[in-house]
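1. turn this into a structure:
(chains A and B)
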Amino acid sequence: MTPLRITAITATSAMGVGLAAMRAALHGRRGGLAPCALPAMPPGIWIGRVREAEAIDPPPPLGAFACRNTRLAELALRQDGFVAAVDAAVARHGAGRVAVVLGTSTSGIEETERAWARAGADRALTGYDYARTHDLHALPRYVRARLGLAGPCVSISTACTSGARAFLDAGTLIAAGLADAAVVGGADTLCRLTLHGFGSLELLAKGPTRPCAEDRDGISIGEAAAFALLERAGPGDAGALALLGAGASSDGHHMSSPQPDGHGAVAAMQGALDSAGLAPGQIGYVNMHGTGTRANDAMEDRAIARLFGDAVPCSSTKGWTGHTLGASGALEAAVAAICVEDGLVPGCLGVARPDPSFTARIAVANAAAPVDRVLSNSFGFGGSNCALVIGRLA
Amino acid sequence: MTLAVGIAGIGVLAPGMAGWAQAAPVLAGRAPYDPAPLVPPAPTLLPATERRRTGPSVRLALAVATEAVQASGLAPEELDTVFASSNGEGQVITSILEALHADGGAISPTQFHNSVHNAAAGYWGIAVGSSRPSVSLGGHDGVFGTGLLQAAAQVVAGGRAVLFVAHDVPMPPPLDALRVTTEPFALALVLVPGAGRHGALGLTPQDGAAALPDLPGGLRALRDANPVARALPLLAALAGGAAATLDLPMLDDARLRVAFAP
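-> This next block holds a predicted model:
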């Protein structure tokens, strides 16, 4: 693919509100997971909750969009000069040439859960706007209206690859000539459906998740919103942060279990490298999907080792944030950006000993290293795989 | 900015439309519309254990995808796919919400993994043994136009064929009151670079809401009964076989202008 400059990027998760807080948490190895205090959730679990978002309201003309997902998206949009950067892109290209492509798995379904809990004997769901909250299109519609954009508006929902796919699919719109720039990313928020759903699969960790640990015991669910502004790179952009490549594949194997030998994951990573025109040795760090389940991490280790051997350090940052589902690909694109800018390899958090059966080079402590390019993995239910390469433009 | 793509295969399933061969004369006005109820067929491509786990939304999607790909003559496992649905797995999600709000209600792992919006895409990949990339989109009432635009962009940017599948089924109570969808409807198009055996489309996003063209009475009711059925004017043009220009809704302030050339 033609590289796309990342003109602006921001993220908000349990690790912190905005990139400065996130950066401090990564360097200081301070995770954001805590015991779950939300009502009616599975017992004894830890979550990555963003309490700061709970008091945020969307601006009055967009009040009908109010829900947990919109609040978190709105809080994230206010950080890191993101709105001003989009305004500048509109001035350069025109509002109609800036697309919005955003991923989410459950959108504002938490609003329906609240209405369900308060419904009377007639079971009528009242007091909220379904199309602007629960519906998948609510997120990109909100962001498009909030930022005054008028280009194509796309909602992506491929389970836990949604936020990464948004980067890839926005690249497609730009390559086809439908847009000159795109606001991409994703938002997903804590809700009963996902927490109990992962509970039914017996995949929730008893404490904070510890991806790649020998004794890892599952996922901690988190919430996050992350956004990036992608634009065609120009001749003066050498050295700027960019999306260098993206690849995707399907497992075609099972709805919720990864293909054990990681064929699909390898295909997505290889596709991302090919699209960036890079060899594996040109990647400085692999940010794993690394959910902390026995099966995912083992499959991903095998897949990474097939392409990279033990030559490239890799880790999951979900120990800081939890698994933020449809937002995770976008959140971890922001992690990748920090790793490139700071020369940081963030080792898995809370892992005393990585799984001794793993053959990839799992990092469990932070290291300072030149990281020119990061490959970031996302895998999801339905056998969906997506990998992004983020680095500096040559 | 106009995207040009060809149509190499069509699949359709809706009340009174059991596949393209039967639907085309109805859509062209050469046969009366008889809205016979539709029962989504069991997906025979899937192994029996997986087949049993699929609901009506997935079954509709797989049926139209199979028809369109067979008509195209292309190998199903070699096609990238774009799935689009407004309500997605709303029936599965509603059954989970029921269980979560019932005393002692428990949800099953199968129910949960079937609730993802890309369930149809996942089952399609299993059914045809595909490792090709796949994306699943929402889009509310603009789901068909938005999905068609994204799929066409993929054809143009990648220079290869894409299977585009749009599918929606009614929401169960109590969500049916908030998201009115009264009939099932699914449509698949195999989109190719250049022209296809069913002609070519020029797609241009434009500002402003789409004005919906008139349709015969029964089809007008069907169009209003399902977000994906907003595609009916395009299907009527394809069936009629004459050059036509029409608009598909995307947002309150955005539409997709479609120029069809047979």
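2. quick check: residue B:136 touching residue A:161?
-> No: using C-beta atoms under 8 Å, residue B:136 is not in contact with residue A:161, being 9.9 Å away. All C-beta atoms are positioned from the backbone trio N, CA, C, and that covers glycine.
3. those two: which has the busier surroundings?
-> residue A:161 (36 against 31; other C-beta atoms under 10 Å in any protein chain shown).
4. just the pLDDT for that one.
-> Per-residue confidence at residue A:161 stands at 98 (pLDDT).
5. please apply the same query to residue B:251.
-> Note for residue B:251: predicted pLDDT of 98.
6. for it, give me its contacts.
-> Applying C-beta atoms under 8 Å, 6 or more residues apart in numbering or on different chains, one finds that residue B:251 lies in contact with A:141, A:153, B:142.
7. what sits opposite the most centrally placed residue in chain B in the beta ladder?
-> When C-alpha atoms, centre = their mean is applied to chain B, the residue found nearest the centroid is residue B:166 (1.6 Å). Under DSSP bridges, the beta-bridge partners of residue B:166 are residue B:84, residue B:187.
8. name the element the residue nearest the centre of chain A belongs to?
-> Residue closest to the average C-alpha location in chain A (C-alpha atoms, centre = their mean): residue A:328, at 2.2 Å. Using DSSP states H and E, the element containing residue A:328 is helix A:328-342.
9. quick one: the residue nearest to the centre of chain A and residue A:378 touch, right?
-> Yes: using C-beta under 8 Å, residue A:328 makes contact with residue A:378 at a distance of 6.2 Å.
10. and for the two, which residues touch both?
-> Contacts common to residue A:328 and residue A:378, judged by C-beta under 8 Å, 6+ apart, are A:160, A:163-164, A:289.
11. show me what the host helix or strand of residue A:228 is packed up against.
-> Applying DSSP H and E as the criterion places residue A:228 in strand A:224-232. In terms of contacts (3 or more C-beta pairs under 8 Å, 6 or more residues apart in numbering or on different chains; DSSP states H and E), strand A:224-232 is packed against strand A:4-13, helix A:68-77, helix A:82-93, helix A:162-175, strand A:181-188, helix A:328-342.
12. run me through the strand neighbours of that strand, direction for each.
-> Applying DSSP bridges, strand A:224-232 is found paired with strand A:4-13 (antiparallel), strand A:181-188 (antiparallel).
13. would you format the ones you listed as a markdown table with mean neighbour count and distance to residue B:185 included?
-> Formatted as a markdown table, these follow (neighbours: other C-beta atoms under 10 Å in any protein chain shown; distance: least, C-beta to C-beta, whole Å):
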| stretch | mean neighbour count | distance to residue B:185 |
| --- | --- | --- |
| strand A:4-13 | 26 | 36 |
| strand A:181-188 | 34 | 28 |
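14. any chance of TSV for the ones you listed, columns mean pLDDT and distance to residue A:127?
-> Formatted as TSV, the strands paired with strand A:224-232 follow (pLDDT from 0 to 100; distance: least, C-beta to C-beta, whole Å):
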stretch	mean pLDDT	distance to residue A:127
strand A:4-13	98	26
strand A:181-188	98	22
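15. just to revisit the earlier point, tell me which of the contacts of residue B:251 is nearest to residue B:107?
-> Nearest to residue B:107, judged by C-beta to C-beta, of the contacts of residue B:251 is residue A:141 at 29.1 Å.
16. now the residue lying closest to that closest one once chain neighbours are set aside, which residues is it bridged with?
-> Distances taken as C-beta to C-beta, 6 or more residues apart in numbering or on different chains place residue A:153 nearest to residue A:141, at 6.3 Å, with adjacent residues excluded. Counting by DSSP bridges, residue A:153 forms beta bridges with residue A:100.
17. surely residue A:153 touches residue B:254?
-> Yes: if you go by C-beta under 8 Å, residue A:153 and residue B:254 touch, sitting 7.0 Å apart.
18. which one of those two has more residues nearby?
-> residue A:153 (26 against 23).
19. what's the spacing between the more buried one and residue B:253?
-> Residue A:153 sits at a distance of 10 Å from residue B:253 (criterion: C-beta to C-beta, to the nearest Å).
20. same question for residue A:60.
-> Distance from residue A:60 to residue B:253, by C-beta to C-beta: 19 Å.
21. higher neighbour count, the two?
-> Applying other C-beta under 10 Å to residue A:60 and residue B:253 shows that residue B:253 carries more neighbours, namely 12 against 6.
22. ok, residue A:72 - how many residues close by?
-> With other C-beta under 10 Å as criterion, residue A:72 counts 27.
23. skipping its backbone neighbours, what lies nearest residue A:296 in space?
-> residue A:258 (5.8 Å).
24. please apply the same query to residue B:130.
-> In this structure, residue B:130 finds its nearest non-sequential neighbour in residue B:77, 4.3 Å apart by C-beta to C-beta, 6+ apart.
25. returning to that earlier point: just the helices and strands packed on strand A:224-232: most buried one?
-> Sort the helices and strands packed on strand A:224-232 by mean neighbour count, taking mean count of other C-beta atoms under 10 Å in any protein chain shown, and strand A:181-188 sits at the top with a mean of 34.
26. quick one: that one to helix A:162-175, angle?
-> 170 degrees (axes from the mean of the first three to the mean of the last three C-alpha atoms, to 10 degrees).
27. and strand A:181-188, C-alpha only, in PDB?
-> Written as PDB, here are the backbone C-alpha positions of strand A:181-188 (Å, rounded to 0.1, in the frame of the first residue of the first chain):
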ATOM      1  CA  ALA A 181      -7.900  11.800   4.700                       C
ATOM      2  CA  ALA A 182      -9.700   9.700   7.200                       C
ATOM      3  CA  VAL A 183     -10.500   9.700  10.900                       C
ATOM      4  CA  VAL A 184     -10.000   6.100  11.900                       C
ATOM      5  CA  GLY A 185     -10.000   4.100  15.100                       C
ATOM      6  CA  GLY A 186     -12.500   2.500  17.400                       C
ATOM      7  CA  ALA A 187     -14.400   2.600  20.700                       C
ATOM      8  CA  ASP A 188     -15.800  -0.200  22.800                       C
END
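28. and the next element down the chain from that strand?
-> helix A:192-200.
29. residues contacting that next one, please?
-> Residues outside helix A:192-200 that contact it (C-beta under 8 Å, 6+ apart) are A:36, A:40-42, A:45, A:47, A:105-106, A:109-110, A:113, A:204, A:219, A:221, A:325, B:93, B:96-97, B:100, B:106-109, B:111-112, B:115.
30. drop anything exposed from those.
-> Buried members of the contacts of helix A:192-200, counted by 16 or more other C-beta atoms under 10 Å in any protein chain shown: A:36, A:41-42, A:45, A:47, A:105-106, A:109-110, A:113, A:204, A:219, A:221, A:325, B:93, B:96-97, B:100, B:107, B:109, B:111-112, B:115.
31. in helices only, show me those.
-> Judged by DSSP state H, the buried ones among the contacts of helix A:192-200 include A:109-110, A:113, B:93, B:96-97, B:100, B:109, B:111-112 as members of helices.
32. from those, which single one is nearest residue B:232?
-> Closest to residue B:232, out of all of those and judged by C-beta to C-beta, is residue B:93, at 26.5 Å.
33. contact partners for that closest one?
-> Applying C-beta under 8 Å, 6+ apart, the residues near residue B:93 are A:109, A:193, B:115.
34. from residue A:136, how far off is it?
-> With C-beta to C-beta as the criterion, residue B:93 and residue A:136 are 11 Å apart.
35. in which helix or strand does residue 245 reside?
-> Defaulting to chain A. Per DSSP H and E: strand A:241-250 holds residue A:245.
36. wrong one, chain B
-> If you go by DSSP H and E, residue B:245 is part of strand B:244-251.
37. how distant is that strand from the center of its chain?
-> 16 Å (C-alpha atoms, centre = their mean, to the nearest Å).
38. what pairs with it, parallel or antiparallel?
-> Counting by DSSP bridges, strand B:244-251 is paired with strand B:254-261 (antiparallel).
39. which of the residues in the partner strand are buried?
-> Neighbour counts using 16+ other C-beta under 10 Å place B:254-260 of strand B:254-261 among the buried residues.
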